[in-house]
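J.: fold the following, please.
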Amino acid sequence: MADIVTLALVGLYFVVLIGIGSWASKKIHTTEDYIVAGRSLGFWVFTILIVCSICSGMTLLGVSGFGYTSGWPGIWEQIFVPLAASFCIIVFGVKLNAVGKERGYLTIQDYLAERFESPRALRGLSAVSGIVVSLIYLVGQYAAITIVLVWLFGIPHWQALLISGVIITAYTVVGGLYAVSWTTLFQGGILILGVLLMAPPVIMSAGGLDHINTVLAGVDPNFVEPWYPAAYAPYAYATPEFLVSFGILLMVGLACAPHVINNVLAAKEARYFKWAPLVAFAIYAVVMFLVKFTGFAVRSLATEGAITLPAAVNAQDYSFIVGVEYAMPSVLLWAFFAVIVLAAVMSTTDRLMLTVGTSFAWDIYKNIFRPSASDDEVLLVSKVAVVLGAGGTLLLAINPPEMLAWLIWMGIGVMLATFAVPLLAGLYWRGATKEGAIASMAVGLIAAGVFGYWSKFVGSLPVHFSFYALLLSALAMIAVSLLTARISTDTLDTTRTGWFIQSPGQPSRAGSKGDAWLVEQDTPRQH
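T.: As a prediction, this is how the structure comes out:
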């Protein structure tokens, strides 16, 4: 059971989150305010939002757990994941932010609908796909949160789920992206400071990296190699060929995730995109490396009998928690650590919830079924969708996965297979057509489900399952686009499609609000 200091500090943390949500609710006047925070996010709020939308339960619990089970061959994750933030900002963000302001996009589905001249079919498919992958990913986040709350308070798993779900849902519902972005800035600051303060003592308590490496080599000589020569054991899947697919999965899959890429539409100034990629990478890389080294340290301590992980199916995901408990017995530090872990796992959960709500309310309800819906009606539907999505994923999270990292990688894999090709082709290939985008997204989604199921329940694959789905998605895009009518030149120019990131000399036009650009979609375009 948690002591009174820990209980008080965790309670204060939750009160601050609710307070931010209440403050943010007063800034919500339109759908644009709720979904993209009025396009008002400053440099640090925007940059930390990108980092913490990617940072999740995986960062503290999953990354340390991966380090515990796999050793140094899993270290590439610490480069690939921070690169996802930079990739998103540079490859997707520069164009989408500029076009989004000009055309009034509120979601990535707005862009896909106009770029591929498919205001209903592709919009609906991409919205449903975004909701599905967000819900899968959300289950992993809830699993991470409950690990923390069960450990802290000694309460049943279902009670931990209920507490976390109610609190996150509350401030997300009332404050939209304003609440999510400002709570994320608060959570991100806590996370970064906490890891900097607490990871080094755990590493030193295990004797430092030199001693840790000696112990790891005694467990398996390949634990201190850059990769495994072959998949000779269940943990030895980080082979060279797997790492290639792993890099694509994390760098591109996370970058195009709906809950991450939508953030680029909310940045206030285009100039942020000059330094945000470097700052985001540097911050996240430092955090990731320290957390991974903590996983190594805990494996070394456990091997030497200094500590014991709990008897749980996902015991390795407790590595960071057990390591801090061993190295830092101070009550005050324990209270702070509790808040750090909660901040890490909640900073992505709220963004996922908001993505589910806005995808349904704006892209499906407003733009497909009820175009006449008012802002108030859309906001209400979005809030209801957030609550329903939270409730559904809470039920799915009652039985946590054996390894938190696997469930989160499953979600990322579906994101990669579904969104990467349509987004990259849409932004950079003028030959990509509506039919090609629909085929690519549908094939990617189905293939990800098939190969994901096969890799988990039938037999192992030499590379991550999403790699096969990505290839099939790309083939579908190319083949179908070459066989179908091209998108009009006006649309390609309007959406800045071509082999460039920033088009020099292109005149800047005043951004429209809401769905103003949809009026143009009512007029059929000639191919």
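
J.: which stretches in the protein count as strands?
T.: Counting by DSSP state E, the chain forms no strands at all.

J.: name the spans of it whose pLDDT lies under the cut-off.
T.: Filtered on pLDDT under 70, the chain yields the residue ranges 1-3, 56-58, 313, 330-334, 344-345, 347, 396, 399-408, 503-527.

J.: quick one, what contacts the spatially most central residue of it?
T.: Taking C-alpha atoms, centre = their mean, the centroid of the chain lies closest to residue 54, which sits 3.9 Å from it. By C-beta atoms under 8 Å, 6 or more residues apart in numbering, the contact set of residue 54 is 81, 84, 85, 254, 257, 260, 284, 348. Backbone N, C-alpha and C define where each C-beta goes, glycine included.

J.: how much space separates residue 78 from residue 322?
T.: 21 Å (C-beta to C-beta, to the nearest Å).

J.: my read: residue 105 touches residue 262, true?
T.: No - if you go by C-beta atoms under 8 Å, residue 105 and residue 262 don't touch, sitting 9.4 Å apart.

J.: these two touch, right, residue 420 and residue 252?
T.: Yes - contact status for residue 420 versus residue 252: in contact at 5.2 Å, counting by C-beta under 8 Å.

J.: dump the contacts of residue 54 to a markdown table, plus distance to residue 237 and neighbour count.
T.: Shown next, in a markdown table, are these (distance: C-beta to C-beta, whole Å; neighbours: other C-beta atoms under 10 Å):
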| residue | distance to residue 237 | neighbour count |
| --- | --- | --- |
| 81 | 17 | 25 |
| 84 | 20 | 27 |
| 85 | 25 | 31 |
| 254 | 19 | 27 |
| 257 | 23 | 31 |
| 260 | 25 | 28 |
| 284 | 24 | 25 |
| 348 | 24 | 28 |
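
J.: those residues: which two are farthest apart?
T.: Farthest-apart pair in those is 257 and 284; separation 14.7 Å (C-beta to C-beta).

J.: and for residue 442, the neighbour number?
T.: Look at residue 442: counted by other C-beta atoms under 10 Å, it has 16 neighbours.

J.: no wait, residue 186
T.: There are 18 residues near residue 186, going by other C-beta under 10 Å.

J.: which ones are touching it?
T.: Residue 186 touches 16, 17, 20, 343, counting by C-beta under 8 Å, 6+ apart.

J.: measure it to residue 24 for me?
T.: 12 Å.

J.: and the helices in the stretch 1-150 of the chain?
T.: Counting by DSSP state H, counting those that start in this stretch, the stretch 1-150 of the chain has these helices, from start to end: 4-25, 31-36, 43-54, 57, 63-70, 77-87, 94-103, 108-115, 121-153.

J.: so which bits of the third one are buried?
T.: Which is helix 43-54. Buried residues in helix 43-54, counted by 16 or more other C-beta atoms under 10 Å: 43, 45, 46, 47, 48, 49, 50, 51, 52, 53, 54.

J.: widest-spaced pair of the contacts of residue 186?
T.: 20 and 343, at 12.7 Å, using C-beta to C-beta across the contacts of residue 186.

J.: of those two, who's got more company?
T.: Taking neighbours as other C-beta under 10 Å, residue 20 and residue 343 compare with residue 343 leading, 25 against 22.

J.: correct me if wrong: that one contacts residue 184.
T.: No - contact criterion C-beta under 8 Å: residue 343 and residue 184 do not qualify, at 9.1 Å.

J.: before we move on, the earlier item: list just the nearest of the contacts of residue 54 to residue 239.
T.: Nearest member of these to residue 239, counting by C-beta to C-beta, is residue 81, at 19.2 Å.

J.: quick one: contacts for the closest one?
T.: 54, 250, 251, 254, 284, 288.

J.: helices - which of those residues land there?
T.: With helices taken from DSSP state H, the overlap with the contacts of residue 81 comprises 54, 254, 284, 288.

J.: so which of those comes closest to residue 120?
T.: Closest to residue 120, out of all of the ones in helices among the contacts of residue 81 and judged by C-beta to C-beta, is residue 254, at 28.5 Å.

J.: how about the closest one, nearest residue that isn't a chain neighbour?
T.: Leaving out its chain neighbours, the residue that sits closest to residue 254 by C-beta to C-beta, 6 or more residues apart in numbering is residue 84, at 3.7 Å.

J.: quick one, what contacts that neighbour?
T.: 54, 250, 251, 252, 253, 254, 255, 260.

J.: mind naming the longest helix for the chain?
T.: Assignment by DSSP H; longest helix in the chain turns out to be helix 157-205.

J.: okay, the angle between that one and helix 63-70?
T.: On the basis of axes from the mean of the first three to the mean of the last three C-alpha atoms, to 10 degrees, helix 157-205 is oriented at 70 degrees to helix 63-70.

J.: Provide a list of residues in contact with the closest residue to residue 43 other than its chain neighbours.
T.: Closest residue to residue 43 apart from its sequence neighbours, by C-beta to C-beta, 6+ apart: residue 272 at 4.9 Å. Contacts for residue 272 (C-beta under 8 Å, 6+ apart) come out as 43, 46, 47.

J.: gap between residue 272 and residue 264?
T.: 10 Å.

J.: same thing with residue 444?
T.: Applying C-beta to C-beta, the value for residue 444 to residue 264 is 21 Å.

J.: who has more neighbours out of those two?
T.: Remark: of residue 444 and residue 264, residue 444 carries more neighbours, 29 against 26, as counted by other C-beta under 10 Å.

J.: so the more buried one touches residue 477, yeah?
T.: No - at 9.1 Å, residue 444 does not count as touching residue 477 under the criterion of C-beta under 8 Å.

J.: how far out from the middle of the chain is stretch 285-292?
T.: 17 Å (C-alpha atoms, centre = their mean, to the nearest Å).

J.: contacts for that stretch next, please.
T.: Taking C-beta under 8 Å, 6+ apart as the rule, stretch 285-292 contacts 55, 59-60, 63-64, 66-67, 74-75, 77-79, 81-82, 191-192, 195-196, 199-200, 203, 320.

J.: and those, which of them are buried?
T.: 55, 59-60, 63-64, 66-67, 74-75, 77-78, 81-82, 191-192, 195, 199-200, 203, 320.

J.: for stretch 139-154, buried residues please.
T.: 139-153.

J.: CA atoms of it as CSV?
T.: What follows is stretch 139-154, C-alpha atoms only, in CSV (Å, rounded to 0.1, in the frame of the first residue of the first chain):
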residue,chain,number,x,y,z
VAL,A,139,-5.5,-0.9,-24.6
GLY,A,140,-1.7,-1.0,-24.2
GLN,A,141,-1.7,2.4,-22.5
TYR,A,142,-4.4,1.3,-20.0
ALA,A,143,-2.4,-1.9,-19.3
ALA,A,144,0.6,0.4,-18.4
ILE,A,145,-1.4,2.7,-16.2
THR,A,146,-2.9,-0.2,-14.2
ILE,A,147,0.6,-1.7,-13.6
VAL,A,148,1.4,1.5,-11.9
LEU,A,149,-1.8,1.9,-9.8
VAL,A,150,-1.9,-1.7,-8.8
TRP,A,151,1.7,-1.5,-7.6
LEU,A,152,1.2,1.8,-5.8
PHE,A,153,-2.0,1.2,-4.0
GLY,A,154,-2.4,-2.5,-3.8
